[in-house]
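>>> after the sequence you'll find the predicted model.
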Amino acid sequence: MIEFVTYSIVARDPSTGSLGVAVQSGVLAIGTRVPAALAGVGAAVAQAGSHLWWRTSLLELVASGMTAELAVAAVATQPEAAEAQFAVVDATGGVAAFTGPDCIPAAGHALGDGVSVQANMMASETVWPAMLDAYRSASGDLPSWLVAALAAAEREGGDVRGPQSAALLVVGADRGGLPTGEWDDPVFDLRVDDSRDPVGDLARLLTTARAHRHLIRSGTPGVPEEDAVESLRAAAEGAPEDPSALRSAGIGLALRGHHAEAFPLLTRAFDLEPRAARWARAAAHRADNAHGAALLAWLDSR
């Protein structure tokens, strides 16, 4: 049995059918222990005094045709459920949660349309209502809504012991779907295993992940050249302190002739990670054209 004092959220995006879960806790690497999701099936969490396998059991029951309510009711019959807390949202938006009577207070959950928030050993009983309000009022898309709920929990005091780790897992609407690695892939699987500000770091990782999606789009066959350039610019703007994004965006812009934009990005990338200059030089040699020669000349002049 695990004893993970945690707050979490499971939800379904009604417009896309994507399913997601986000979690934060005062223990190490909570993302390896509490959340689970299957594309087109559901998203689940098992925390407090739950067993690890309960999260997958919830998804298996939903996949077999059970409603979220029946799946939670079935797991709640386990003899150790009194100290447990778990929840599941299914592919139709059905949602259910259970908070055992022996969970360490403050503990509780709240349900909304296609969403459940749950928390245990919290600093305040306002944590989970604040999470639900933040989820409902947040702008953007499902990953942003989930992270907004975590941030709201922290503002209410969060875990009574303080934070350590957080995670975000979002999957698509198509049952059996797998991550494709394409720019429009709905899947996000991000973890902050050890941090004094895991929710803040998770928000930063989500922003960086979106920037890298722009990089992927810029190199996707069939994307118009103008759109590829805009994607490179968006990548650099979205992750201004990420040397990988700056390096790739700078090289991409330089090899398209946008030198005035590219060279400051590359300068910043090299400041953050000096080894990036070697990759820029290799890319310029591979290009073997006027733009590559201009990049090489700039590199030689530094």
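Happy to help now that I have it.
>>> quickly list what the closest residue to Ser8 other than its chain neighbours is bridged to.
Take Ser8 and drop its neighbours on the chain: the residue closest to it by C-beta to C-beta, 6 or more residues apart in numbering is Val23, 4.0 Å away. Every C-beta, even on glycine, is put in place using the N, C-alpha and C of the backbone. Per DSSP bridges, residues listed as beta-bridge partners of Val23: Ser8, Ala167.
>>> which residues touch Val23?
The neighbours of Val23, taking C-beta atoms under 8 Å, 6 or more residues apart in numbering as the test, are 6-9, 30-31, 34-35, 45, 47, 150, 166-167.
>>> out of these, which one sits closest to Ser301?
Distances from the contacts of Val23 to Ser301 were compared by C-beta to C-beta; the smallest belongs to Ala166, at 43.8 Å.
>>> distance of the closest one from Val192?
With distances taken as C-beta to C-beta, to the nearest Å, Ala166 is found 5 Å from Val192.
>>> of those two, who's got more company?
For Ala166 versus Val192, the count of surrounding residues by other C-beta atoms under 10 Å is larger for Ala166: 30 against 24.
>>> list the residues that contact the more buried one.
If you count contacts by C-beta under 8 Å, 6+ apart, Ala166 has them with 22-25, 30-31, 150, 191-192, 195, 198-199, 201-202.
>>> out of the residues you listed, which are buried?
22-25, 30-31, 150, 191-192, 198-199, 201-202 (16 or more other C-beta atoms under 10 Å).
>>> which of the residues you listed fall in helices?
Counting by DSSP state H, the members of these that fall within helices are Leu150, Pro198, Val199, Asp201, Leu202.
>>> CSV for the residues you listed, including distance to Arg233 and pLDDT?
As requested, those are arranged in CSV below (distance: C-beta to C-beta, whole Å; pLDDT from 0 to 100):
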residue, distance to Arg233, pLDDT
Leu150, 29, 98
Pro198, 30, 98
Val199, 28, 98
Asp201, 25, 98
Leu202, 25, 98
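>>> relative to Asp174, which of the contacts of Val23 is nearest.
The shortest gap between Asp174 and any of the contacts of Val23 belongs to Pro35, at 19.6 Å (C-beta to C-beta).
>>> does that closest one touch Ala167 like I think?
Yes. Pro35 lies in contact with Ala167 (C-beta atoms under 8 Å); the separation is 5.8 Å.
>>> what touches both of these two?
Listed contacts common to Pro35 and Ala167 are Ala22, Val23; contacts here mean C-beta under 8 Å, 6+ apart.
>>> show me the domain layout of this protein.
Each domain of the chain is listed here as a residue range: 6-210, 219-301, per automatic domain parsing.
>>> any idea which of these is most buried?
Each of these was assessed for mean neighbour count using mean count of other C-beta atoms under 10 Å. The highest is domain 6-210, with a mean of 20.
>>> quick check: end-to-end length of that one?
End-to-end distance for domain 6-210: 26 Å, by C-alpha to C-alpha, to the nearest Å.
>>> now it: how far from the chain's centre is it?
The chain centroid and the centroid of domain 6-210 are separated by 11 Å, computed with C-alpha atoms, centre = their mean, to the nearest Å.
>>> repeat that for stretch 232-245.
18 Å.
>>> just the CA trace of it, in PDB.
These are the backbone C-alpha positions of stretch 232-245, laid out as PDB (Å, rounded to 0.1, in the frame of the first residue of the first chain):
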ATOM      1  CA  LEU A 232      10.500  28.700 -35.600                       C
ATOM      2  CA  ARG A 233       9.700  32.200 -34.300                       C
ATOM      3  CA  ALA A 234       7.100  30.800 -32.000                       C
ATOM      4  CA  ALA A 235       9.500  28.200 -30.600                       C
ATOM      5  CA  ALA A 236      12.100  30.800 -29.700                       C
ATOM      6  CA  GLU A 237       9.500  33.100 -28.200                       C
ATOM      7  CA  GLY A 238       7.900  30.300 -26.200                       C
ATOM      8  CA  ALA A 239      11.100  29.000 -24.600                       C
ATOM      9  CA  PRO A 240      13.500  32.000 -24.400                       C
ATOM     10  CA  GLU A 241      15.700  30.200 -21.800                       C
ATOM     11  CA  ASP A 242      15.800  26.800 -23.400                       C
ATOM     12  CA  PRO A 243      19.100  26.300 -25.300                       C
ATOM     13  CA  SER A 244      17.700  23.500 -27.400                       C
ATOM     14  CA  ALA A 245      14.800  25.600 -28.700                       C
END
